[in-house]
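*Asks:* Pasted the sequence and its predicted model underneath.
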Amino acid sequence: MADLAALNPVRLPDPSSLRRRPNLSNAMPSNELEHFDDRTLFYDVFIDADGPTLRAIGPPALNLKPVLDGMRLWINGSRVRYRLRDLPEQKLVTLEAGVTPGAAHDIAFELDGFTARLRLHASELPRGRTVLAAISKNNRPEWISTWVDFHRGNYGIDDVILYDNGSDNIDALEACLRGRATVIRWNFPYGPPGRRHNKFAQPGALNHCLSKFARQGRLFNFDIDELLIAEKNRLENELSGSSTLYFESYNVPFVPPERDDYTHFDFVWRHAQRRQTARKFICHTDAVDVISQHNTWSTLPIPFWHVMRRNRPERMTSRHGYFLHFLGITTNWQPHLNKLAEVGPEGLILDDSHVQRRPDNASIASDALRTRRAPDSAAS
């Protein structure tokens, strides 16, 4: 898997006057432009040996769409036709082209005064697997390790694809997760805070996983501060009848833990109100076309048209499962959200479902369970 974890990006060079301009749906002050990805054309270019097919995935083209439409693609010295899809709503661009069979290929993207060259080898992409994917930056390795082991132990995850967005502790993280997760060094601008139309790195990572690591399988989409709570047999029954299974959530606030090196298992008090927004999901990857942080889209079977329909959650939400969103599992990179505001357990609901599912010792409750029981709270 190490070769698949390596990326082959294509970026606009410094001398080029070409730059992606922000989506006008979000007004952006000049001081936020440093967080905007104005240079990446493709996060990764790879050759799927099945076909074989050249695939590329990147941020939305936006104003660069005419340039990409007029681009020349050369494979082994021959110009080839390609199919480009710009999806600004999903914050994504994709490219596909047929490739003649062969072990290695010389690729050239020629556009507006410069040429990007790549030497690519065809890869047998993994298929039929159950994969968990998320993006992360500077989170504690023990948090990510807990998140990995919890989902692998409870839901039969074959691999975890962690897209690291430029962490300072990347070497320690890779050492910690070796053999249990695949770490992708996803060092692209995340996007300006709060400007959802101009934040591309997360949807790009999820769709990269969809097309490269989870083909003809299942993809679990839960962030590292989220743990899925579901019965495996009931989950299988629900998944069998839907392309996408959505999950609602409960917030787990920051009730101060008793140790500094806390993880998810040190928080057992949640809000009573279930959140019906910001859903997460599991999807059958051969039944969806594009995904985002909270939604999936499928292509309608209309001849000669490529129309996508968002898979709405009204009839696709799990009836029994949910996920816990741990506000204390954060680097506090968005302080305005006030996730680390300390609260007491009064008025909250005791929910130790994740502790009971703890893979290493599910029968032993955490110290938090033994020492923090609010007399006026009811167990869920």
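*Replies:* Done, it's in. Bear in mind the structure is a predicted one, so any value in this text is a computation, not a measurement.

*Asks:* Every contact and neighbour count from this point should use C-alpha atoms.
*Replies:* Fine.

*Asks:* got the residue ranges for the strands in the stretch 201-350 of the chain?
*Replies:* All strands of the stretch 201-350 of the chain, identified by DSSP state E, counting those that start in this stretch, fall at 218-221, 226-229, 244-252, 269-270, 275-284, 290-291, 296-299, 308-310, 317-326, 349-350.

*Asks:* count of residues packed around N26?
*Replies:* Residues within reach of N26, counting by other Cα atoms under 10 Å, total 12.

*Asks:* now do G70
*Replies:* Counted with other Cα under 10 Å, the neighbours of G70 add up to 11.

*Asks:* Dihedrals phi and psi, it?
*Replies:* phi -90, psi 0 (degrees, to the nearest 10).

*Asks:* Surely it and L111 touch.
*Replies:* Yes. If you go by Cα atoms under 8 Å, G70 and L111 touch, sitting 7.3 Å apart.

*Asks:* Quick check: chain neighbours aside, which residue is closest to P22?
*Replies:* N198 (6.3 Å; Cα to Cα, 6 or more residues apart in numbering).

*Asks:* Report pLDDT for the one you found.
*Replies:* With respect to pLDDT, N198 has a value of 94.

*Asks:* all helices of the chain, in order?
*Replies:* Taking DSSP state H, the helices of the chain run over residues 2-5, 65-69, 141-155, 170-177, 201-212, 232-239, 353-356, 367-371.

*Asks:* tell me the most buried of these?
*Replies:* Among these, ranked by average contacts under mean count of other Cα atoms under 10 Å, first place goes to helix 201-212 (a mean of 23).

*Asks:* Now find how far off-centre that helix is within its chain.
*Replies:* Centroid separation for helix 201-212 versus its chain: 6 Å, with Cα atoms, centre = their mean, to the nearest Å.

*Asks:* quick one, what contacts the nearest residue in space to W74 that is not next to it in sequence?
*Replies:* Once flanking residues are discounted, W74 sits nearest to A108: 5.0 Å by Cα to Cα, 6+ apart. Contacts for A108 (Cα atoms under 8 Å, 6 or more residues apart in numbering) come out as L73, W74, I75, T115, A116, R117, L118.

*Asks:* try R215
*Replies:* L125, P126, R127, G128, R129, T285, D286.

*Asks:* Can you lay out the helices of the chain as TSV showing mean pLDDT and distance to N221?
*Replies:* Compiled in TSV, these are given as follows (pLDDT from 0 to 100; distance: least, Cα to Cα, whole Å):
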stretch	mean pLDDT	distance to N221
helix 2-5	76	19
helix 65-69	96	29
helix 141-155	97	11
helix 170-177	96	19
helix 201-212	97	8
helix 232-239	94	14
helix 353-356	97	17
helix 367-371	39	28
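
*Asks:* Make a markdown table out of those and add distance to L327.
*Replies:* Below are those laid out as a markdown table (distance: least, Cα to Cα, whole Å):
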| stretch | distance to L327 |
| --- | --- |
| helix 2-5 | 30 |
| helix 65-69 | 39 |
| helix 141-155 | 12 |
| helix 170-177 | 21 |
| helix 201-212 | 19 |
| helix 232-239 | 25 |
| helix 353-356 | 15 |
| helix 367-371 | 16 |
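
*Asks:* so H320 makes contact with A230?
*Replies:* Yes. Assessed by Cα under 8 Å, H320 is found in contact with A230 at 6.8 Å.

*Asks:* more crowded one of these two?
*Replies:* Shown here are H320 and A230; by other Cα under 10 Å, A230 has more neighbours (21 against 13).
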